[in-house]
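>>> A structural model of the following input is requested.
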Amino acid sequence: MSKSLQPGKIHQRTITGMSQMNYFVYFPETCRDDNRILYTIHGISRNAEEHIQGFISQAERCGAILVAPLFPEEHFPRYQRLGTSVQLERADMAFEHVRQDVHEWLGFPPAPMRMFGFSGGGQFVHRYAMFYPGRVARMVLAAPGWYTFPDPDRKYPFGLKSTKDWPQLTFSLGKFLQIPTMVMTGEEDDLRDKDLNKSREIDSFQGLNRVERAERWVNANRNLARSYDISADFRLETVPNASHAYGSYLGHPPFSEQIFDFLFED
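I've put the predicted structure just below:
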């Protein structure tokens, strides 16, 4: 571990490359295993440090390192979709630079990641896992507004079909379906608020709110796994009394505990 990383404190680190990226790290005082790292991805409020703060108690309980990248809006306005096109700045590639820097800085070998994403972060996480299933060990998606479905006939990012902006896409759905996944939606997160994508295409095949869309996406993956004869673990959980605000989810005590128990249960 780098001597500059002090346990029990939140550290901010900056890396440069195609564009400058900041990320936050918390190294618990109770750390027991170098490979217990949670990568947590913010929503469109870009509150990366708040993700760290909200998970500190669970990180100490589980002995897990927290890493929260910050995707600046000026460079990554559509980070949720991994980017605008293959020609422009790609959020997935920027995230990979963060991941490499984390392991070089901490002195740990890379390993498949435990990932959490809230809202737009949940969109990023499941699409990243579709592109790179070998890099993700387990994932939790909390309140994504909409999803990429495992449908080869719908154009990306609605499905997996290549487009002029995303040509020659290839996916290993068999590997993706084997990633244990939990989707969480708030009991009161069923409103069509200003941040929800209300396009006619998404409404028609994904549903009218985050709860309906989560149910349909989980069921689509379960059904596809059965057709592949894969024993998949896709769970759908409801967070009581939570609306679409990160604080309302964190305000429900079992929420973060449930995330850590699922991500680090193996």
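>>> what mean pLDDT does the helix or strand hosting Val67 have?
Element membership for Val67, per DSSP states H and E: strand 65-70. Strand 65-70 comes out with an average pLDDT of 96.
>>> and if you look at stretch 79-96?
90.
>>> any residues touching it, and which ones?
Defining contact as Cβ atoms under 8 Å, 6 or more residues apart in numbering, one finds that stretch 79-96 is touched by 17-19, 21, 44, 69, 71, 75-78, 120-121, 123-124, 127-128, 131-132, 157, 165-167. C-beta here means a position set from N, CA and C on the backbone, and glycine is covered the same way.
>>> Would you list the buried entries among those residues?
Buried members of those, scored by 16 or more other Cβ atoms under 10 Å, are 21, 44, 69, 71, 75-78, 120-121, 123-124, 127-128, 131-132, 157, 166.
>>> Inside helices: which ones of the residues you listed?
Using DSSP state H, the members of the buried ones among the contacts of stretch 79-96 that fall within helices are Gly120, Gly121, Gln123, Phe124, Arg127, Tyr128, Phe131.
>>> residue contacts, the fifth one?
Contacts were defined as Cβ under 8 Å, 6+ apart; by that measure Arg127 touches Gln80, Arg81, Leu82, Asp92, Thr148, Pro157.
>>> Can you check what pLDDT the model gives it?
98.
>>> again with the third one
Looking at Gln123, its pLDDT is 98.
>>> Please list all residues in contact with it.
Neighbours of Gln123 in contact, by Cβ under 8 Å, 6+ apart: Gln80, Arg81, Gly117, Pro144, Gly145, Trp146, Tyr147.
>>> possible to save the contacts of Arg127 as JSON lines with distance to Phe55 and secondary structure?
As requested, those are exported to JSON lines (distance: Cβ to Cβ, whole Å; DSSP: H, G, I helix; E, B strand; the rest coil):
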{"residue": "Gln80", "distance to Phe55": "21", "secondary structure": "helix"}
{"residue": "Arg81", "distance to Phe55": "25", "secondary structure": "helix"}
{"residue": "Leu82", "distance to Phe55": "24", "secondary structure": "coil"}
{"residue": "Asp92", "distance to Phe55": "23", "secondary structure": "helix"}
{"residue": "Thr148", "distance to Phe55": "26", "secondary structure": "coil"}
{"residue": "Pro157", "distance to Phe55": "28", "secondary structure": "coil"}
